[in-house]
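J.: compute the structure for the input listed below.
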Amino acid sequence: NSFDFNKLDRRDKSFVYLLINSSMRRHKQAQRIYTKYAKQGINPRNRYLNSILLIATVQLIWLEIAPYAVINEAVSQAKLFINEKQSRLVNAILRKIIQNKEEFSNIISNEASNLPEWLYNSWISSYGKKNVDDIVKLAMDPPPIDIVISKNITKKEKEILKLDLNSEEIFPNVLRCSLN
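T.: As a prediction, the model looks like this:
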């Protein structure tokens, strides 16, 4: 039940990287969201169920992927890797998340909750709460993309490109685009 990552096309690889990076950044926030709807809790040792719910929650809340696609894929994965009963649980939890998306603003805005508590407290004692909150906010932002452009492009074309991409030139013929 594995696949060869290297056989994926560039676009699919990029999406996999986005999913993994977003899931790592937002792990605790997503976990707090999906466990809210599991009446009997979710065993932390149930790796498949937690992984499916984590990735699906990140796709729904932060990546804003079409809900029908996320739910369909998550349920299919649950059927394949767990069982039919757990796939119904995945379906129910994800539908509840979609219905109640607005009530997660307090969880979503608390980005520091993604850090281990001991690390957060250690940093606060060393750097102060404001500095730590700034560091955490920076860590949660998607990294910028640097684009190398042709040396044959005219100055006018370069300026238009910079405006279109909302970018700045950091080196000759290298534009940095912020995704925020």
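
J.: I'd like to know how many residues surround V70.
T.: Number of residues near V70 (other C-beta atoms under 10 Å) recorded here: 21. For every residue, glycine as well, the C-beta is placed using N, CA and C.

J.: likewise for L80?
T.: 12.

J.: other SSEs contacting the helix or strand hosting N131?
T.: Per DSSP states H and E: N131 is located in helix 129-140. With contacts taken as 3 or more C-beta pairs under 8 Å, 6 or more residues apart in numbering; DSSP states H and E, helix 129-140 sits against helix 117-127.

J.: buried ones in the helix it packs on, by neighbour count?
T.: 120, 123 (16 or more other C-beta atoms under 10 Å).

J.: contacting residues for the residue nearest the centre of the chain?
T.: Geometric centre of the chain, nearest residue: S22, 2.3 Å, by C-alpha atoms, centre = their mean. By C-beta atoms under 8 Å, 6 or more residues apart in numbering, the residues touching S22 are 58, 62-63.

J.: elements contacting the least confident helix or strand in the chain by mean pLDDT?
T.: When the helices and strands of the chain are scored by mean pLDDT, DSSP states H and E, helix 105-109 comes last with a mean of 70. Judged by 3+ C-beta pairs under 8 Å, 6+ apart, the packing partners of helix 105-109 are helix 27-35.

J.: in CSV, could you pull the C-alpha coordinates for the helix it packs on?
T.: C-alpha atoms of helix 27-35 as CSV (Å, rounded to 0.1, in the frame of the first residue of the first chain):
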residue,chain,number,x,y,z
HIS,A,27,-0.7,19.5,13.9
LYS,A,28,-1.9,20.5,17.4
GLN,A,29,-4.4,23.0,16.1
ALA,A,30,-5.9,20.4,13.7
GLN,A,31,-5.9,17.7,16.4
ARG,A,32,-7.8,20.0,18.8
ILE,A,33,-10.4,20.6,16.1
TYR,A,34,-11.0,17.0,15.0
THR,A,35,-11.0,15.5,18.5
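
J.: run the chain-centre distance for it.
T.: 12 Å (C-alpha atoms, centre = their mean, to the nearest Å).

J.: what are the buried residues along that helix?
T.: Using 16+ other C-beta under 10 Å as the test for burial, helix 27-35 gives 27-34.
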